[in-house]
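Asks: model this:
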Amino acid sequence: MRDEWTALPPEIIFDETIDYLNKLPSTIKRPFAPKCINEVTYGIPPKSIIVVAARPSEGKSTFAMNTASMLVNSSIPVAYISLEDSRIKFMQRFLSYNCHIPNFCFKNEKWKERLDIEKTRKMLSYLQFIILDEFGKSFAEVERIITELDPMPEVVFLDYVQLIHNYRNYTRRESIDYFMRQCKALTNNLNISIVILSQISRSAKNEMPQIWQLKEAGAIEESADIVILLHYPYRYEILTGNTDTELDPSLMKCCIAKNKDGEVRTLQLKFEPEYYRITDPQGL
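Replies: A predicted model of the protein is given here:
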């Protein structure tokens, strides 16, 4: 324990702050996809927990995969832990997004007409991208993944937090709270960022979900530096039997509901489900 302390004059702290600000990068190092989110968050902050939440099959895995692709194509080392889908299914989505192959083409042989296998394999060999589907269901496993990889990933994706294992003698809520708090401490210790996907409670209807509707909320919300909520109105209408809906099937809404160092805002995005692609409305 320190037994001495120093009170610095405010002008000295001001000078230190200006020096810190001058050293910040002028460009976004860890960008989100789509790009418009970076205007609000200025990318993925270091030492941060990002929570991306939506109802089942309303785009959270697509959003995460798009952002992971953006990062690895920007030479950022990434680890993607897919607890819900197999690595093969993830790669199909990745190819659909990056090679512009409609997802239905993978159900027949039409993908062969659109995929340059050797060129794509060579492209993938340059990416610092680790995809796991059978490991990472506890904090100890996540920590091993991060610390044993070389290079260590700068951004880790976990899809999704409700699929982690229960800890002994812990309730489900307590297990997730423990996991989130440990992940938060890890981001601070290792200067990394973790993007954690989360389900939304079934109490949410066809409206933009709220933070309090995060399934097993609590430390999920508390630990997050940024919370991004996704809403795909068209899918909800179809699932409830309203096949005559006039809703735009490409419209997705995105609410940046918590932003520790910035504003909160609701954005409109363009969703192309057949390509697992979420973009700015202008398609940029």
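
Asks: now the helices for the stretch 51-200 of the chain?
Replies: Listed in chain order, the helices found in the stretch 51-200 of the chain under DSSP state H, counting those that start in this stretch are 60-72, 87-99, 111-114, 117-125, 139-148, 172-190.

Asks: Of all those, which one comes closest to residue 165?
Replies: helix 172-190 (7.4 Å; C-beta to C-beta). Yep, even glycine has a C-beta here, placed from its N, CA and C like the rest.

Asks: what comes up buried for that closest one?
Replies: Buried residues in helix 172-190, defined by neighbour count with 16 or more other C-beta atoms under 10 Å: 175, 176, 177, 178, 179, 180, 182, 183, 184, 186, 187, 190.

Asks: circling back to that earlier point, so of the helices of the stretch 51-200 of the chain, which one's packed in deepest?
Replies: When neighbours are counted by mean count of other C-beta atoms under 10 Å, the highest per-stretch mean among the helices of the stretch 51-200 of the chain falls to helix 60-72, a mean of 24.

Asks: returning to that earlier point: residue 14 is nearest to which of the helices of the stretch 51-200 of the chain?
Replies: Residue 14 sits nearest to helix 172-190 of all those, at 25.2 Å, using C-beta to C-beta.

Asks: So which elements touch that closest one?
Replies: For helix 172-190, the helices and strands in contact under the criterion 3 or more C-beta pairs under 8 Å, 6 or more residues apart in numbering; DSSP states H and E are strand 48-54, helix 139-148, strand 193-199, helix 219-223.

Asks: Would you mind listing the outside residues contacting the following helix or strand past the last one?
Replies: By that I understand helix 219-223. Following helix 219-223 in sequence order, the next helix or strand is strand 226-231 (DSSP states H and E). The set of residues external to strand 226-231 that reach it, using C-beta atoms under 8 Å, 6 or more residues apart in numbering, is 37, 41, 44-45, 48-55, 58-60, 63, 200, 207-211, 214, 221, 252-260.

Asks: Thank you kindly, that will do.
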